[in-house]
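Let's see this in three dimensions:
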Amino acid sequence: MLTDDILLSILGRVSSRTAARTSVLSTRWKHLPWLLPELSIDVKDFLSAPCADPIEENDMEQAMKSLAKATRSLLDKQRRESTISSLHLKLYLFNAFLCEVGPLIGDAIDSGLLKDLDLSVLDETEPLDHSEEEMQQRAQDIDAFFTAYPSVLHCLTKLSLKNVGFDKLDMHHVLFDCCKQLKHLSLHHCDTGSYSLFKIDAPDSKLCVLEIGMCRFLRIDLVCLPKLEKLVCDTWVSRCAPLTFGFVPSLGELELSCGSDCEQHGFKLSELLHGVTGIHTLTLEFQGETLWLQPEMEELRTAFSKLRKLFVCGIFVEFDILWTTAFLVAAPSIEMLHIEVWGHTCDVGEARPASYHDRRNPRWEMHLDSSSENRLLKELEFAGFKSLEQQFTFIRYMLERSPNLQKIVLRDEEQCDDCDALKVPRPSRFPRKEDEQEMVVKRIRDGMFSPEIIFYEATFMR
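Below is the predicted model:
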């Protein structure tokens, strides 16, 4: 017979709804859901199947009703035999059910039953379909929830919000002054109104991870976040640099992702990273559009002094790639380089939306020192490989300047639902057959030292 530890390990991998059903079907499993050290209660697990697309409000209400019932059962102190180290709770913003869930969570916290709370407030509405008034109402509802159940703030370690407008509230006070235990904050289409400035000055904050996506801030000034380790900034509206940094001594991982707008002037990465010297992992994602960075090389040396991993993604397939080597000159300690090209048929020619602007090939005039090398570079990964001449040129150049390169990984482009929906033949140029791969290997090596070359063909849908 399997021990409780093994059965708990199995239950920990399934949804709370499945775990509850299992306990009903088997007396052996009956007590186990109340022994789980971590709980994950996701409102989407309670949606009826099949579910309408988009999800209808009545279905969301019924799912929240079931979630409230499950929460009441799983937090029942009389059945609980151990404390809950963390509760991952995903819910919809319906006040009637928040008034039922709130006291349950607050009581679990006050009694010492619950240690950490990971809260995600979901919304099925697309950002552009929300009015300013609706976003502001969501902010007021969330603030009212925190005010009514202050215990929630005492153990709230992760918070994810979507479509929330703090125009009439003090966003900094709600998220940083009140949420003192917060370590991970994710904001999607949340702001204080279009083209507003947001300053974060939180010397006592425990925040380690900050994710910002589709927020309409003109700029975010990170004045002081001493524990911040990772920052993700995705899709900004600013014509210039979307961020400034003050005191962020722990920041080591940065992701910047945006499709360029014709009105964006572009900015120098060195200026954005001014004063930041601890970046070890950097991701730059251009989403197949014109680069939003201005050319530079030597100016990046200070910011790149500790850079170990660099991801440059979303480079339009017809663009030159050699410009990326400017980063390598500025990053002598780099160990892993990932390049991804963008070759989607769903945004070229007639399929490209009229609102999109013409792409401009990057023009970076670089005077590379032929004697400079990246001796610590061990791995080169190239995603979206198509056996194009400029791709071979780039890879062979990398071999020349990376004498200790051990591995080259060539990946096929990921499949795309939007591209597939066009039903346009897309002959792949990725080498799938053995003789094609041998030809690629020969072209890459061709008398040079030979690191391991690995081919990965895409086998899944995005």
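
Show me what residue 165 bridges to in the sheet.
residue 191 (DSSP bridges).

Spit out the contact partners of it.
Residues in contact with residue 165, defined by Cβ atoms under 8 Å, 6 or more residues apart in numbering, are 132, 135-136, 138-139, 190-193. From N, CA and C alone the C-beta is placed, and that goes for glycine too.

From residue 217, how far off is it?
To residue 217, residue 165 is 12 Å away according to Cβ to Cβ, to the nearest Å.

what sits in contact with each of the two?
191-192.

Can you give me the pLDDT of residue 74?
Predicted confidence (pLDDT) for residue 74: 88.

count of neighbours near it?
21 (other Cβ atoms under 10 Å).

Number of residues surrounding the closest residue to it other than its chain neighbours?
Nearest non-adjacent residue to residue 74, counting by Cβ to Cβ, 6 or more residues apart in numbering: residue 39, 5.9 Å away. When neighbours are counted by other Cβ under 10 Å, residue 39 registers 22.

Ok, residue 58 next?
10.

returning to that earlier point: tell me how far the residue nearest to residue 74 lies from residue 105.
In terms of Cβ to Cβ, residue 39 sits 11 Å off from residue 105.

can you check residue 219 too?
On the measure of Cβ to Cβ, residue 219 and residue 105 end up 35 Å apart.

Looking only at neighbour counts, state which of the two leads.
Per other Cβ under 10 Å, whichever of residue 219 and residue 105 has more neighbours is residue 105, with 23 against 17.

The more buried one reaches residue 114, doesn't it?
Yes - under the criterion of Cβ atoms under 8 Å, residue 105 makes contact with residue 114 at 6.9 Å.

Now list whatever residues contact both of those two.
With Cβ under 8 Å, 6+ apart, residue 105 and residue 114 have common neighbours 75, 87.

ok, and what's touching whichever strand or helix holds residue 69?
Element membership of residue 69 [criterion: DSSP states H and E] is helix 57-74. By Cβ under 8 Å, 6+ apart, the residues outside helix 57-74 that reach it are 16-17, 20, 33-34, 39, 41, 43-44, 46-48, 51-52, 79, 89, 91-92, 94, 97, 100-101, 104-105, 124.

which residues touch the residue lying closest to residue 194 once chain neighbours are set aside?
Here the nearest residue to residue 194 in space, its sequence neighbours aside, is residue 216; by Cβ to Cβ, 6+ apart that works out to 4.7 Å. Listed by Cβ under 8 Å, 6+ apart, the contact set of residue 216 reads 189, 191, 193-196, 237.

Let's see that with 7 Å instead.
191, 194-195, 237 (Cβ atoms under 7 Å, 6 or more residues apart in numbering).

any idea which of those is least confident?
Minimum pLDDT across the contacts of residue 216 falls on residue 194, with 84.

Based on its surroundings, how many neighbours for that one?
12.

Can you tell me the SS state at it?
Using DSSP: H, G, I helix; E, B strand; the rest coil, the structure places residue 194 in coil.

Residue 204 is in what secondary structure piece?
Counting by DSSP H and E, residue 204 is found in no helix or strand.

Pull the contacting residues for the closest residue to residue 84 other than its chain neighbours.
The shortest distance from residue 84 to any residue other than its chain neighbours is 4.8 Å, reached at residue 114 (Cβ to Cβ, 6+ apart). Neighbouring residues of residue 114 by Cβ under 7 Å, 6+ apart: 84, 87, 105, 108, 155.

could you check the distance from residue 114 over to residue 214?
31 Å.

try residue 134
16 Å.

okay, the two: which has more neighbours?
More neighbours surround residue 214 than the other of residue 134 and residue 214, with 17 against 14 (other Cβ under 10 Å).

thought that one was touching residue 235?
Yes - in terms of Cβ atoms under 7 Å, residue 214 counts as a neighbour of residue 235; the distance is 4.8 Å.

what about the helices in the stretch 101-250 of the chain?
132-148, 151-155, 171-172 (DSSP state H, counting those that start in this stretch).

Would you tell me which of these gets closest to residue 438?
Closest approach to residue 438 among the helices of the stretch 101-250 of the chain is made by helix 132-148 (56.3 Å; Cβ to Cβ).

buried sites along that closest one?
Buried residues in helix 132-148, counted by 16 or more other Cβ atoms under 10 Å: 135-139, 142-143, 145-146.

And for stretch 52-71?
55, 59-60, 63-68, 70-71.

quick check, nearest of those residues to residue 382?
residue 55 (38.6 Å).

Does the closest one touch residue 123 like I think?
No - assessed by Cβ under 7 Å, residue 55 is found out of contact with residue 123, at 10.3 Å.

Helix, strand, or coil at residue 39?
Applying three-state DSSP: residue 39 is strand.

which residues of this structure score low on pLDDT?
The model of the chain has pLDDT under 70 over residues 1-8, 10-34, 261-263, 367-371, 426-427, 459-462.

Now for the residue nearest to residue 243 when sequence neighbours are not counted, how many residues are close by?
Using Cβ to Cβ, 6+ apart and skipping residues adjacent in sequence, the residue nearest residue 243 is residue 220, 5.4 Å away. The number of residues packed near residue 220 is 23, by other Cβ under 10 Å.

can I assume residue 220 is in contact with residue 192?
No - counting by Cβ under 7 Å, residue 192 is not a contact partner of residue 220; they are 10.9 Å apart.

Can you pull the residues that touch both of those two?
Counting by Cβ under 7 Å, 6+ apart, the residues touching both residue 220 and residue 192 are residue 198.

contacting residues for residue 443?
Here residue 443 is in contact with residue 392 (Cβ under 7 Å, 6+ apart).

so it is in which element?
helix 434-445.

in that helix, what's buried?
437, 440-441, 444.

Ok, stretch 443-457 next?
So for stretch 443-457, counting by 16+ other Cβ under 10 Å, buried means 444, 451, 453, 455.

Could you do stretch 324-342 as well?
Quick answer for stretch 324-342 (16+ other Cβ under 10 Å): 324-332, 334-342.

end-to-end on that stretch?
15 Å (Cα to Cα, to the nearest Å).

which residues touch it?
By Cβ under 7 Å, 6+ apart, stretch 324-342 touches 288, 297-298, 300-301, 304, 306-317, 321, 364, 366, 368, 372, 374, 376-384, 397, 401.

Looking at those residues, which are in strands?
309-316, 379-383 (DSSP state E).

Of those residues, just the buried ones, ChimeraX syntax please.
To isolate the buried ones among the ones in strands among the contacts of stretch 324-342 in ChimeraX, judged by 16+ other Cβ under 10 Å, type:
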select :309,310,311,312,313,314,315,316,379,380,381,382,383
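
of all the ones in strands among the contacts of stretch 324-342, which comes closest to residue 172?
residue 311 (30.8 Å).

distance of the closest one from residue 81?
Taking Cβ to Cβ, one finds residue 311 at 45 Å from residue 81.

neighbours around residue 275, how many?
12.

Leaving aside the residues adjacent along the chain, what's closest to it?
residue 245 (5.6 Å).

which residues does the closest residue to residue 268 other than its chain neighbours contact?
Spatially, and ignoring its direct neighbours in sequence, residue 268 is nearest to residue 294 (4.9 Å; Cβ to Cβ, 6+ apart). Counting by Cβ under 7 Å, 6+ apart, residue 294 touches 266-268.
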